[in-house]
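> Show me how the following folds:
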Amino acid sequence: MGRIGIAALAGAGLLATAPGMAQAHMPYMLPNLFDLTDRDHVTVQASFTEDPFQAEVVMKSDAWHVRGPGGAVTPISGVTYLRDLAVFEAPIAAKGTYRVSSGERFGRKGKMYRDAKGQWIISEGKDKPADAPLVEVQSMTLAEVYVTRGGPSKDALAPTGKSLELRPITHPSEIFAAQPAQFELLFEGKPVSGAHVEVFRSAGVYDGKKQVGGQITTDAAGKFAITPPDAGTYLALIRYRTEAPAGAETPYRSYSYTLTFEATE
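From the prediction side, this is the model:
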């Protein structure tokens, strides 16, 4: 798993403190193409940003990989790290759908407390209520994107059962503007209910409508729908804070997952 230094990503590891507030950097991956036709590779950029997909802080990882048809996992090598972004080519050996991933990354450490509504708030203690204890937390980030060569397949969509991840119910190659796309949020393979999902439009940088309107929350089965208002590239962001596994460096972890997808006409 990749580790990222605090100095290299000050403020980018722990994200916004409440739903609907994009106060800090979020990870993203962006391929040059989602539909590869018959190309044998895809070129991907990865970065942290406040405005998807405007690269600001380079994303580094020791666990870049691509999961292809049949579930085979291939590590990605030859990553070029610039100051603002990482760039690499992921091999796409055969026809089907591929899941390109940063792998789970360890981020910065900080502190948080739980407010009266049960929400975890990242804080150094200046604004917290006197009776709310601070706890140590470390951020964990994971960014992914699906691309397809030839016809779509489903093997790469299967969840790994590890950490925080999205299971696409609607195939990523079949997401259309103005039509709901279905997903399931999982943590350690189990559905996560009541989680907030933020969805950003790439076109929002130009027209000011950066987020898809309305609050999206996972249901009791961890499922939710995203309806892209128009054709374009989108980023879904989910944060989930919970107790860390035994032996972790901090008692709590703040997980952040992003999925880049394309909506077509």
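> Report pLDDT for Pro168.
pLDDT recorded at Pro168 is 98.
> Can you name the next helix or strand after the strand ranked longest in the chain?
Longest strand in the chain, counting residues (DSSP state E): strand 135-149. Per DSSP states H and E, the first helix or strand lying C-terminal to strand 135-149 is strand 164-168.
> which residues are in contact with that next one?
Strand 164-168 is contacted by residues 140, 142, 144, 146, 157-159, 181-187, 192, 236, 238, 240, 255-257, 259 when judged by C-beta atoms under 8 Å, 6 or more residues apart in numbering. Every C-beta, even on glycine, is put in place using the N, C-alpha and C of the backbone.
> Recalculate using a threshold of 6 Å.
Identification of contacts with strand 164-168 by C-beta atoms under 6 Å, 6 or more residues apart in numbering yields 157, 159, 183-184, 186-187, 240, 255, 257, 259.
> tilt between it and strand 135-149?
Orientation check (axes from the mean of the first three to the mean of the last three C-alpha atoms, to 10 degrees): strand 164-168 against strand 135-149 gives 30 degrees.
> Now the helix or strand that strand 164-168 is followed by: buried residues?
Of the helices and strands lying after strand 164-168 in sequence (DSSP H and E), the nearest is strand 181-187. Residues of strand 181-187 classed as buried by neighbour count (16 or more other C-beta atoms under 10 Å): 181, 183-187.
> just the CA coordinates of stretch 202-217, formatted as PDB?
What follows is stretch 202-217 as a C-alpha-only set of coordinates in PDB (Å, rounded to 0.1, in the frame of the first residue of the first chain):
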ATOM      1  CA  SER A 202     -16.300  18.100 -14.800                       C
ATOM      2  CA  ALA A 203     -18.400  20.700 -16.700                       C
ATOM      3  CA  GLY A 204     -19.000  22.400 -13.300                       C
ATOM      4  CA  VAL A 205     -15.600  24.200 -13.600                       C
ATOM      5  CA  TYR A 206     -17.100  26.200 -16.400                       C
ATOM      6  CA  ASP A 207     -20.800  26.600 -15.700                       C
ATOM      7  CA  GLY A 208     -20.600  26.900 -11.900                       C
ATOM      8  CA  LYS A 209     -22.800  23.800 -11.300                       C
ATOM      9  CA  LYS A 210     -20.000  21.700  -9.800                       C
ATOM     10  CA  GLN A 211     -22.200  19.100  -7.900                       C
ATOM     11  CA  VAL A 212     -25.100  17.100  -9.000                       C
ATOM     12  CA  GLY A 213     -28.100  18.600  -7.100                       C
ATOM     13  CA  GLY A 214     -29.800  16.900  -4.200                       C
ATOM     14  CA  GLN A 215     -28.500  14.800  -1.300                       C
ATOM     15  CA  ILE A 216     -27.600  11.200  -2.200                       C
ATOM     16  CA  THR A 217     -27.600   8.800   0.700                       C
END
